[in-house]
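Undergrad: Need a 3D model of the following:
(chains A and B)
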Amino acid sequence: DQQVKQNSPSLSVQEGRISILNCDYTNSMFDYFLWYKKYPAEGPTFLISISSIKDKNEDGRFTVFLNKSAKHLSLHIVPSQPGDSAVYFCAASAITGGFKTIFGAGTRLFVKA
Amino acid sequence: GAGVSQSPSNKVTEKGKDVELRCDPISGHTALYWYRQSLGQGLEFLIYFQGNSAPDKSGLPSDRFSAERTGGSVSTLTIQRTQQEDSAVYLCASSPRLGTQYFGPGTRLTVL
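TA: Below is the predicted model of the structure:
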């Protein structure tokens, strides 16, 4: 039972354009969502997060949008840069679940120069 | 550097042997997690520790897997009688609070 789903295993985008990575979840108890970025041979690193009381959070080139009614969130990167090429993981947690966090399968982003 | 460290970075073992993987979390972080990532797969939750509470072991795939966290700091993940399907990158993360987790570089386990 995949509670957090990233249905696109990969995405290819031209440098300078927008990258949109999508994530769907099934558990309505999730109230905190995060995006992590992972380069090969390294552990994931935190990128940006959003609380369920918000529908948008922006940090520089990265913006996360949350649509609670659709149980959907997305990460927008604009403008995309070749250094953004990595695997992006969506993750979700619930206060009632303590610190447990569920990760999606990841989307590999390729940004072409 | 006060990040999360893991050892060894690579481990090759024979089927049926036991292995121990170590994680040193960031000092002061009360939560510690273990995940594994098999080839081409996402992050699979294994277990997490939060302070002195009983660990959440709901992600451990079988009773061959166990983990302990001594003194609220260092953690060891033990896999007994390893199988080829245990081959994966095992990632440890720590967190000061609900939300952001800080990951170590992982241990790549190969079971021959």
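
Undergrad: For residue A:73, which residues count as its bridge partners?
TA: As for beta bridges, residue A:73 partners with residue A:23, residue A:66 under DSSP bridges.

Undergrad: try residue B:67
TA: Bridge pairing for residue B:67 - DSSP bridges - gives residue B:77.

Undergrad: State the number of residues packed around the residue nearest to residue A:51 when sequence neighbours are not counted.
TA: Spatial nearest neighbour of residue A:51, chain neighbours left out: residue A:32 (5.7 Å); criterion: Cβ to Cβ, 6 or more residues apart in numbering or on different chains. From N, CA and C alone the C-beta is placed, and that goes for glycine too. By the measure other Cβ atoms under 10 Å in any protein chain shown, the count of residues near residue A:32 is 19.

Undergrad: I figured residue A:32 hits residue A:49, correct?
TA: Yes - with contact defined as Cβ atoms under 8 Å, residue A:32 and residue A:49 form a contacting pair (6.7 Å).

Undergrad: can you map out the strands along the chain?
TA: Unless you meant another one, I'm taking chain A. A:4-5, A:10-14, A:19-25, A:32-38, A:45-51, A:56-59, A:62-67, A:72-77, A:86-93, A:101-103, A:107-112 (DSSP state E).

Undergrad: please go with chain B instead
TA: B:5-7, B:10-13, B:19-24, B:31-37, B:44-50, B:65-69, B:75-79, B:88-95, B:102-103, B:107-111.

Undergrad: what lines up beside the third one in the sheet?
TA: So the one you mean is strand B:19-24. strand B:5-7 (antiparallel), strand B:75-79 (antiparallel).

Undergrad: Which strands or helices does the least confident helix or strand in chain A by mean pLDDT pack on?
TA: Scoring the helices and strands of chain A by mean pLDDT, DSSP states H and E places strand A:101-103 at the bottom, with a mean of 88. In terms of contacts (3 or more Cβ pairs under 8 Å, 6 or more residues apart in numbering or on different chains; DSSP states H and E), strand A:101-103 is packed against strand A:86-93, strand B:44-50.

Undergrad: I'm done for today, thanks for sticking with me.
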